[in-house]
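**Student:** What follows is a predicted protein model with its sequence.
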Amino acid sequence: MTAAEVAKTAEVLREAARTNSPCPPVRSHLGDGDIQAAYAVQRTNVERGVAAGRRIVGRKIGLTSPAVQDQLGVNQPDFGTLFADMAVPEGGLVEAGRLIQPKVEAEVALVLGAELPHRDCTVADVLRATDFALPALEIVDSRIADWDIGIVDTVADNASSGLFVLGGTPVPLTGLDLRGVRMTMTRDGEVVSEGTGADCLGSPLNAAAWLASTLAGMGDPLRAGDVVLTGALGPMAVAGPGDRFEARISQLGCITVEFATDTEGDRP
Ligand SMILES: C=C/C=C(\O)C(=O)O
């Protein structure tokens with residue numbers, strides 16, 4: 001994979017995002033299975049974002065739950081980058097047309113108080129470095145038409161990131177059983193996703209340790225202040241105009257988001 005091919009693929013994905021018009025899968029450009037090339041594409045667009053003034057606030061882990069892996073036919077976790085402009089306020093409204101083909105997931109977010117610099121990060125390291133946990137919704141999106149993605153497509157496409165919502169009540173980790181949390185998410189009152197902390201690579205803490213080790217190995221470790229979305233606890237659910245999602249995660253609380261209809265404006 002040449003630098004020119006990486007740059008071209010990054011441009012295709014940027015253009016899809018800019019025009020809200022999905023593109024064909026990029027795995028044919030990058031080589032099916034070339035995950036390193038896919039991360040190079042992701043990095044290119046993250047660097048473009050930073051150069052354009054976007055602020056990195058953390059990372060997301062994707063493909064941690066068997067339910068999501070089955071939905072997408074992928075069998076390993078990945079990560080993407082969170083920017084401040086992707087945050088939607090708790091209980092807020094996602095404007096119509098902001099995303100291409102959104103889906104919603106409920107997750108545990110960890111907010112770090114210290115760097116995680118080791119390539120062999122342990123759960124104890126994660127526990128020590130975490131300031132607090134929050135309930136979170138991740139609104140994933142794909143710049144690839146019809147979500148026809150494999151691992152290379154989603155990695156190149158910033159792990160299919162879209163927007164995220166963080167709960168506003170921090171929960172200290174002392175006494176918190178993150179493996180045992182139970183999540184139920186509804187769309188307009190109907191249950192559309194359920195899962196537990198154990199469904200996220202055995203525990204959201206395992207997922208965070210995987211991410212910290214992976215990023216340290218890439219020379220770009222997790223830092224104090226970073227938000228880590230540790231990965232879906234249950235299957236993703238499709239979001240459409242007018243939908244209201246509510247997720248309850250035991251020990252952490254409840255979090256909601258709504259999708260505007262075409263006629264609604266933005267709301268703080
Ligand atoms: C395609 C995205 C998947 C995730 O974000 C996840 O599994 O958490």
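**Tutor:** Structure's in. What do you need?
**Student:** how about the residues of the stretch 151-268 of the chain near the ligand?
**Tutor:** Proximity of the stretch 151-268 of the chain to the ligand (Cβ under 6 Å from any ligand atom) is limited to residues 154, 160, 231-232. Bear in mind the C-beta positions are built from the backbone N, C-alpha and C, glycine included.
**Student:** Roughly how far does residue 112 sit from the ligand?
**Tutor:** Distance, residue 112 to the ligand, by Cβ to the nearest ligand atom, to the nearest Å: 18 Å.
**Student:** no wait, residue 254
**Tutor:** With distances taken as Cβ to the nearest ligand atom, residue 254 is found 19 Å from the ligand.
**Student:** and what of residue 72?
**Tutor:** Residue 72 is 6 Å from the ligand, by Cβ to the nearest ligand atom.
**Student:** Once you drop chain neighbours, what's closest to that residue?
**Tutor:** Using Cβ to Cβ, 6 or more residues apart in numbering and skipping residues adjacent in sequence, the residue nearest residue 72 is residue 149, 6.2 Å away.
**Student:** Is the one you found in a helix, a strand, or coil?
**Tutor:** For residue 149, the secondary structure call by DSSP: H, G, I helix; E, B strand; the rest coil comes out as coil.
**Student:** Next, it: phi, psi?
**Tutor:** Backbone torsions of residue 149, given as degrees, to the nearest 10, read phi -120, psi 150.
**Student:** Now the most centrally placed residue in the chain, what are its backbone angles?
**Tutor:** Relative to the mean C-alpha position of the chain, the nearest C-alpha, by Cα atoms, centre = their mean, is the one of residue 60, at 3.9 Å. Dihedral pair for residue 60: phi -120, psi 150, per degrees, to the nearest 10.
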